[in-house]
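Colleague: Turn this into a model:
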Amino acid sequence: QVQLVESGGGLVQAGGSLRLSCAASELTLNNYAVGWFRQAPGKERLFVAAIRRSGVGIYHADAVKGRFTISRDNAKNTVHLHMNFLKPEDTAVYYCAADRRVSVAGSDYDYWGQGTQVTVSS
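Modeller: Below is the predicted model of the structure:
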């Protein structure tokens, strides 16, 4: 059974950094586009960033441009979300998702992780 597992979440002060990781079992993540999404309490799930299988095409939501960076580590079958200059409004559960084709729409992704909590204190 395909599983995506996020890690790296936690509590950080505003202005701090975190690195989230997305790893996969029963799936070669290198062969999939990967997206990161986030959902704050009481709010809809929002696109954060995505990366193509090749790693060449990278997309970031306007709210995180210049602060977050998505990257692939093919040797480790992992995708990272590097988050810098974190703000309290970045507080959310962060999910990674995988699909054959890159998309900014969560509904286009077949595989999802369980999420990791990121809390940014002011």
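
Colleague: Now tell me which helix or strand of the chain has the poorest mean pLDDT.
Modeller: strand 58-60 (a mean of 88; mean pLDDT, DSSP states H and E).

Colleague: Output the contacting helices and strands for it.
Modeller: strand 45-51, strand 68-73 (3 or more C-beta pairs under 8 Å, 6 or more residues apart in numbering; DSSP states H and E). Where you see a C-beta, it was placed from the backbone N, CA and C, and this is true even at glycine.

Colleague: Centroid-nearest residue for the protein?
Modeller: Residue closest to the mean C-alpha point of the chain, counted by C-alpha atoms, centre = their mean, is residue 36 at 2.8 Å.

Colleague: Where does that one sit: helix, strand or coil?
Modeller: strand (DSSP: H, G, I helix; E, B strand; the rest coil).

Colleague: cool, residue 75 as well?
Modeller: Assignment for residue 75 (three-state DSSP): helix.

Colleague: Report the contact partners of residue 2.
Modeller: Applying C-beta atoms under 8 Å, 6 or more residues apart in numbering to residue 2 gives the contacts 24, 25, 26, 27, 111.

Colleague: Does residue 57 touch residue 34 like I think?
Modeller: No: in this structure, residue 57 is not within contact of residue 34 by C-beta atoms under 8 Å, at 11.5 Å.

Colleague: Check the gap between residue 87 and residue 80 for me.
Modeller: Residue 87 sits 20 Å away from residue 80, going by C-beta to C-beta, to the nearest Å.

Colleague: Looking at these two, which is more packed in?
Modeller: residue 80 (20 against 14; other C-beta atoms under 10 Å).

Colleague: Once you drop chain neighbours, what's closest to the residue nearest to the centre of the chain?
Modeller: Distance criterion C-beta to C-beta, 6 or more residues apart in numbering; nearest residue to residue 36, sequence neighbours excluded, is residue 48 at 4.3 Å.

Colleague: Thank you, goodbye.
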